[in-house]
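Asker: show me how the following folds:
(chains A, B, C and D)
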2 protein chains.
Amino acid sequence: MADRLTAEELAVALREAIHRLNRRVRQSRPVGDLTFSQLSALTSLQLAGALTPRELADVERVQPPTMTKIVGKLEERGLIERTPHPTDRRQVILAATERGRAVFGQFEKQRNEWLARHLQELTEDERDTLTRAAEILQQVAKA
Amino acid sequence: MADRLTAEELAVALREAIHRLNRRVRQSRPVGDLTFSQLSALTSLQLAGALTPRELADVERVQPPTMTKIVGKLEERGLIERTPHPTDRRQVILAATERGRAVFGQFEKQRNEWLARHLQELTEDERDTLTRAAEILQQVAKA
DNA sequence: TCACAGTTACTTAGCCTAGCTAATGAGCTA
DNA sequence: TAGCTCATTAGCTAGGCTAAGTAACTGTGA
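Answerer: Residues are numbered from 1 along each chain as shown, chains lettered A, B, ... in the order given. All right, here's what the predicted structure looks like:
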């Protein structure tokens, strides 16, 4: 069973687990797909409805120029669109297009397939633990 | 409290949590530091003692050319060294140098600082949950 | 009130790392 | 000798970053 770890030991264990799992999930990329980061940005955008690039960058925890690139890729594919801000002409409003919303669910599903399949092989107890862990980790990442 | 999620819903939640946390941890990079991937490879190498590039690539779940690059960076810094395989001259044996072992602990500590600090702010109960979660995730990543 | 200095928002340019596949060359093995 | 395996090289894309540039907003002093 799990011994009581120090915060530092836990940090090591968690980071390694996350690092490897992250690589695994990224590897299972279907052809012609959106990347992880693109999908994440698209998700945030749909959850929020509409955001400025700065807001989206903050949510995604990247710098604005990085978000400019990601948004550019999504716009090229016609999945999101830029519209002018109603009052402040420096700003831009980003929102998913019809097509973006349509395409999204399908890719999201593929993307999760590998992980979901493996999670299904766990016990209910283990999945409950991971559910609580996901909440805690979201909280930590937000901090 | 946590509702019972389907494996698919859990996959979404986990993936998002991991994605964001990963970015957070990567951001807290001290100057002149090793990258996440370099540190991870160095760790695996020390745990195993010595490995060939192919073996290390498998452990780290990357393709051999990717590992060639990472190993190159570590070698440049004098943290690992390549020695010829005793019987098979195609192969190479990788191992951490004295300096690699010395430098390792220190960077590892810095690397974990941000995460450890935030984990310390959690309750013991939450940390226990994360400890179990880390074990489960390692298992899933290995599968 | 209005000009201009400072600030903010986004983008561009240029860099590095991390991944990948395809191809190459050296060495092993049947 | 033919064919396989291992490591590397070459060349690509994506995703990060900082620094610098441009356009637009805002507030203050004459």
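Asker: switch to C-alpha atoms for all contacts and neighbour counts from now on
Answerer: OK.
Asker: residue A:22: what's it in contact with?
Answerer: B:18, B:19 (C-alpha atoms under 8 Å, 6 or more residues apart in numbering or on different chains).
Asker: local confidence estimate at it?
Answerer: At residue A:22, the predicted lDDT confidence score is 78.
Asker: and the pLDDT for the spatially most central residue of chain A?
Answerer: Nearest to the geometric centre of chain A sits residue A:40, at 3.0 Å (C-alpha atoms, centre = their mean). Residue A:40 carries a pLDDT value of 88.
Asker: repeat that for residue A:131.
Answerer: 95.
Asker: just give the nearest non-adjacent residue to it, would you?
Answerer: Using C-alpha to C-alpha, 6 or more residues apart in numbering or on different chains and skipping residues adjacent in sequence, the residue nearest residue A:131 is residue B:10, 6.3 Å away.
Asker: in a helix, the residue nearest to the centre of chain A, correct?
Answerer: Yes: counting by DSSP: H, G, I helix; E, B strand; the rest coil, residue A:40 is part of a helix.
Asker: list the contacts of it.
Answerer: Per C-alpha under 8 Å, 6+ apart, neighbours of residue A:40: A:60, B:16.
Asker: so what's residue A:4 up against?
Answerer: residue B:128 are the contacts of residue A:4 under C-alpha under 8 Å, 6+ apart.
Asker: does the residue nearest to residue A:131 sit in a helix, a strand or a coil?
Answerer: helix.
Asker: next: the one 4 residues further on.
Answerer: For residue B:14, the secondary-structure state derived from three-state DSSP is helix.
Asker: thought it was touching residue A:134?
Answerer: Yes: using C-alpha atoms under 8 Å, residue B:14 is in contact with residue A:134, at 5.2 Å.
Asker: with neighbour numbers in mind, choose between these two.
Answerer: Per other C-alpha atoms under 10 Å in any protein chain shown, whichever of residue B:14 and residue A:134 has more neighbours is residue A:134, with 24 against 20.
Asker: where along chain A do the strands fall?
Answerer: Using DSSP state E, the strands of chain A run over A:80-84, A:92-96.
Asker: run the angle between the last one and strand A:80-84 for me.
Answerer: Going back to what we said before, that points to strand A:92-96. Angle, strand A:92-96 to strand A:80-84, by axes from the mean of the first three to the mean of the last three C-alpha atoms, to 10 degrees: 150 degrees.
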